[in-house]
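after the sequence you'll find the predicted model.
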Amino acid sequence: MDKEQIASRLKSLRGGKSQQEVAAAVGITPMAISLYESGERIPRDEIKVKLAEYYGTTVDAIFFAN
């Protein structure tokens, strides 16, 4: 897992939505979204699943694709 690639994918998927909007929908804090999008942290597996569902994609596409 390349943290920079994951961060870039998450930022791209968020598009015009705010970090607050995504965080509220997924049930995490905006700070957590910020940390994921900056590559400082990788979400726990349960959050990976929630993010993938929210963005209408797969965990593999976000976190494991090259």
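Perfect, thanks for sending it. Numbering: from 1, shown residues only.

chain center to the helix or strand hosting residue 31: distance?
Assigned by DSSP states H and E, residue 31 belongs to helix 30-37. Averaging C-alpha positions (Cα atoms, centre = their mean, to the nearest Å) puts helix 30-37 8 Å from its chain's average.

spatially central residue in the protein, please.
With distances taken as Cα atoms, centre = their mean, the residue of the chain nearest its centroid is residue 10 (4.4 Å).

what's that residue in contact with, if anything?
Each residue near residue 10 by Cβ atoms under 8 Å, 6 or more residues apart in numbering is listed here: 33, 36-37, 51, 62. (C-beta placed from N, C-alpha, C; glycine too.)

show me where the protein has strands.
For the chain, applying DSSP state E gives no strands.

return the set of buried residues in stretch 2-19.
Of all the residues in stretch 2-19, those buried under the rule 16 or more other Cβ atoms under 10 Å are 6-7, 9-10, 13-14, 19.

quick one: mean pLDDT for it?
Computed over stretch 2-19, the mean pLDDT rounds to 96.

same deal with stretch 30-39?
Stretch 30-39 shows a mean pLDDT of 98.

list the buried ones in it?
For stretch 30-39, the buried set under the neighbour-count rule, 16+ other Cβ under 10 Å, comprises 32-33, 35-37, 39.

next one: stretch 54-66
So, applying 16+ other Cβ under 10 Å, buried residues of stretch 54-66: 55, 62-63.

touching the helix holding residue 31 from outside, list them.
6-7, 10-11, 14, 18-20, 22-23, 26, 41-43, 47.

thinking again about what came up before, I'd like the contacts of residue 10 as a markdown table, with distance to residue 1 appended.
Output for those, formatted as a markdown table (distance: Cβ to Cβ, whole Å):
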| residue | distance to residue 1 |
| --- | --- |
| 33 | 18 |
| 36 | 12 |
| 37 | 15 |
| 51 | 14 |
| 62 | 10 |
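
farthest pair within the residues you listed?
Spanning the widest gap among the contacts of residue 10 are 33 and 62, at 13.1 Å by Cβ to Cβ.

what's the closest non-adjacent residue to residue 7?
Closest residue to residue 7 apart from its sequence neighbours, by Cβ to Cβ, 6 or more residues apart in numbering: residue 39 at 3.8 Å.
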